[in-house]
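Visitor: just a sequence and a predicted model for now, questions to come.
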Amino acid sequence: MVLVGIEVVNYKSKSTGNPVSGFRIHMTDDSDRKGLTGMAVLSEFVPDDVGRSFLRNFTKDDEALGSVVNVRYNRWGRVDEIELN
């Protein structure tokens, strides 16, 4: 997947009232899925620590744009790691 956007996210959880901070990453995927013409897009919430760990690879956040990445999920389906491919 190709990283095309990084959005800073800060809000208060409606269920717990606790502050939530992190990133929403936006990616494109040109997979050859049956029935897909063009590119698929995907947006995922990334916890602050996971996002910052990935962004340490770059001097500025916008330098990450265009990177080919692999997104790994934990057993609950939440983003656990982003790595450069």
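Guide: On my side now, so go ahead.
Visitor: residue contacts, Phe45?
Guide: Val9, Gly22, Phe23, Arg24, Arg78, Val79 (C-beta atoms under 8 Å, 6 or more residues apart in numbering). From N, CA and C alone the C-beta is placed, and that goes for glycine too.
Visitor: how does it look with 7 Å?
Guide: Contacts for Phe45 (C-beta atoms under 7 Å, 6 or more residues apart in numbering) come out as Val9, Gly22, Arg24, Val79.
Visitor: what does Ser21 give?
Guide: Ser21 touches Val9, Asn10, Asp48, counting by C-beta under 7 Å, 6+ apart.
Visitor: ok, now how distant is Arg24 from Asp32?
Guide: Note on Arg24: its distance to Asp32, by C-beta to C-beta, to the nearest Å, is 26 Å.
Visitor: pick out whichever of those two has more residues nearby.
Guide: Arg24 (14 against 5; other C-beta atoms under 10 Å).
Visitor: looks to me like Arg33 is in a helix.
Guide: No. The assignment for Arg33 (DSSP: H, G, I helix; E, B strand; the rest coil) gives coil, which keeps it out of a helix.
Visitor: nearest spatial neighbour of it, chain-adjacent residues omitted?
Guide: For Arg33, ignoring the flanking residues on the chain, the nearest one in space by C-beta to C-beta, 6 or more residues apart in numbering is Ala40 at 7.0 Å.
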